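J.: here you go, sequence then predicted model.
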Amino acid sequence: MDKRINKLDWARAFAIIGVILIHLTSSGMFINSPINIELMTLNQWSRFAVPVFIIISGILLSLNNKNENNYLTFIYSRAKKTIPLFLLWSFIYYLIQIYFGKINFNLFSSINNTLSGESARHLYFVPLIFQFYLLFPILKKVKTLPLLIPILILNSILLIIKTHFNVIGPFSLILSHKFFLIWSFYFTFGVYIANKLETIADFFVNRKLLINSILILSLTILPIESYHYISNSMSLDTSTFSTRFTILIFSIICFLSFIINDLPNNKIINYISNASYSIYLSHMLFLFSFYNFANRINLPFNYLYISIGFIFILTGSILTYELSKRFK
């Protein structure tokens, strides 16, 4: 168990680092023409982050709720751990939008934005995960390959449709990144492997060459694919976002890379892993602050910008995490 959890700590720590890099590089890719290939490559290489978070959620929910029979107790325990911080940060981002003149105060919109996570672009993840919490009593039954494979096929088809077809109407809501269906394989994959981590690790450890080959191929294809989509005037959501079939393959391979390697226990990694939820919620505040500062001093969008921005955002988010622990 310790080894497994240690590997999950590494995966979760790198996932939150990936989230920060995704948001930090997103704007800079399109500041100049032509597209900044280096930034787009870093952005695409970081796209394993959200899928890995969802996989880990499926694993940990399965491991921690083996004997949980009371559905309402389960939902309450999940809500108590996630919702208060989410609502706090959702309201903070709503106030920030008002302060900078992005929106005007309205009581109805303030309640709606706070509850739905519309106040900031990254907050969709918490309502998304809570959808999986609500569905967990059903999804936890996915413990065999005959049940997992149809979900993989369905999820793959939906990702391909979302990428290559202009879907409108009610079906477009089903394909939204805010709805669980487009992410369903990641969570059920986590549920499936929860009690098989060592077995799966042992199976793939003898196939490292295959894993590494697919990983290198994915790292090569992702930025090329993204650039191709953008060059063909496809939407930025389609071209760069994490809801693509190639990202699914890449994310699974990245996760397997964590569990098949003998990763040492590391205090810094463990700390970042433990703080990951708080960092996820707060990091956009420091991203906004850094954007404003960088624009004022005309800091060019290059690797120095990314390095300074990353350190500033991660440090600010960690300090916020430490401050929040004092009020618990």
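T.: Structure received.
J.: point to the helix or strand of the protein where mean pLDDT is at its lowest.
T.: helix 107-116 (a mean of 74; mean pLDDT, DSSP states H and E).
J.: which other residues reach it?
T.: Helix 107-116 has contacts (C-beta atoms under 8 Å, 6 or more residues apart in numbering) with 87, 90-91, 94, 103, 118-119, 127. For the C-beta atoms, the positions are set from N, CA and C on the backbone; glycine is no exception.
J.: minimum pLDDT in those residues, which residue is that?
T.: Within the set of the contacts of helix 107-116, pLDDT is lowest for I103 (75).
J.: report the secondary structure state of that one.
T.: Following DSSP: H, G, I helix; E, B strand; the rest coil, the label given to I103 is coil.
J.: ok, and the closest non-adjacent residue to it?
T.: Nearest residue to I103, sequence neighbours excluded (C-beta to C-beta, 6 or more residues apart in numbering): Q97, at 4.9 Å.
J.: farthest-separated two in the contacts of helix 107-116?
T.: Greatest spatial distance in the contacts of helix 107-116: I103 and P127, 19.6 Å, computed using C-beta to C-beta.
J.: quick one, which of these two is more surrounded?
T.: More crowded of I103 and P127, by other C-beta atoms under 10 Å: P127, with 19 against 13.
J.: now name the helix or strand holding the more buried one.
T.: helix 125-139 (DSSP states H and E).
J.: and that helix, what does it pack against?
T.: Contacts defined by 3 or more C-beta pairs under 8 Å, 6 or more residues apart in numbering; DSSP states H and E place helix 125-139 against helix 49-64, helix 71-99, helix 184-193.
J.: 10 Å instead, please
T.: Counting contacts by 3 or more C-beta pairs under 10 Å, 6 or more residues apart in numbering; DSSP states H and E, helix 125-139 packs against helix 49-64, helix 71-99, helix 184-193, helix 276-296.
J.: which one of those helices is the most hemmed in?
T.: Stretch with highest mean neighbour count among the helices and strands packed on helix 125-139: helix 184-193 (a mean of 25; mean count of other C-beta atoms under 10 Å).
J.: elements contacting that one?
T.: Helix 184-193 packs on helix 49-64, helix 125-139, helix 145-164, helix 197-205, helix 245-260, going by 3+ C-beta pairs under 10 Å, 6+ apart.
J.: at 6 Å what do you get?
T.: helix 49-64, helix 125-139, helix 145-164 (3 or more C-beta pairs under 6 Å, 6 or more residues apart in numbering; DSSP states H and E).
J.: next, format the ones you listed as TSV and append distance to A15.
T.: Output for these, formatted as TSV (distance: least, C-beta to C-beta, whole Å):
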stretch	distance to A15
helix 49-64	4
helix 125-139	11
helix 145-164	19
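J.: taking the centroid of this protein, which residue is nearest it?
T.: V50 (1.8 Å; C-alpha atoms, centre = their mean).
J.: spit out the contact partners of it.
T.: The contact partners of V50, by C-beta atoms under 6 Å, 6 or more residues apart in numbering, come to S242.
J.: please renumber so the chain begins at 37
T.: Sure thing, new numbering starts at 37, so read that last one as V86.
J.: ok so, going back, quick one: which of the helices and strands packed on helix 161-175 is nearest S254?
T.: S254 lies closest to helix 85-100 among these, at 12.4 Å (C-beta to C-beta).
J.: and the angle from that closest one to helix 107-135?
T.: When axes from the mean of the first three to the mean of the last three C-alpha atoms, to 10 degrees is applied, the directions of helix 85-100 and helix 107-135 differ by 150 degrees.
J.: restrict helix 85-100 to CA atoms and write it as PDB.
T.: Taking Å, rounded to 0.1, in the frame of the first residue of the first chain, the C-alpha atoms of helix 85-100 are listed here in PDB:
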ATOM      1  CA  ALA A  85      -2.700  16.500 -15.800                       C
ATOM      2  CA  VAL A  86      -6.600  16.500 -15.600                       C
ATOM      3  CA  PRO A  87      -7.000  12.900 -16.700                       C
ATOM      4  CA  VAL A  88      -4.400  11.700 -14.200                       C
ATOM      5  CA  PHE A  89      -6.300  13.600 -11.400                       C
ATOM      6  CA  ILE A  90      -9.500  11.800 -12.400                       C
ATOM      7  CA  ILE A  91      -7.800   8.400 -12.500                       C
ATOM      8  CA  ILE A  92      -6.400   9.000  -9.000                       C
ATOM      9  CA  SER A  93      -9.800  10.100  -7.800                       C
ATOM     10  CA  GLY A  94     -11.200   6.700  -9.000                       C
ATOM     11  CA  ILE A  95      -8.400   4.800  -7.300                       C
ATOM     12  CA  LEU A  96      -8.600   6.600  -4.000                       C
ATOM     13  CA  LEU A  97     -12.400   6.500  -3.700                       C
ATOM     14  CA  SER A  98     -12.300   2.800  -4.400                       C
ATOM     15  CA  LEU A  99      -9.500   2.100  -1.800                       C
ATOM     16  CA  ASN A 100     -11.100   4.300   0.900                       C
END
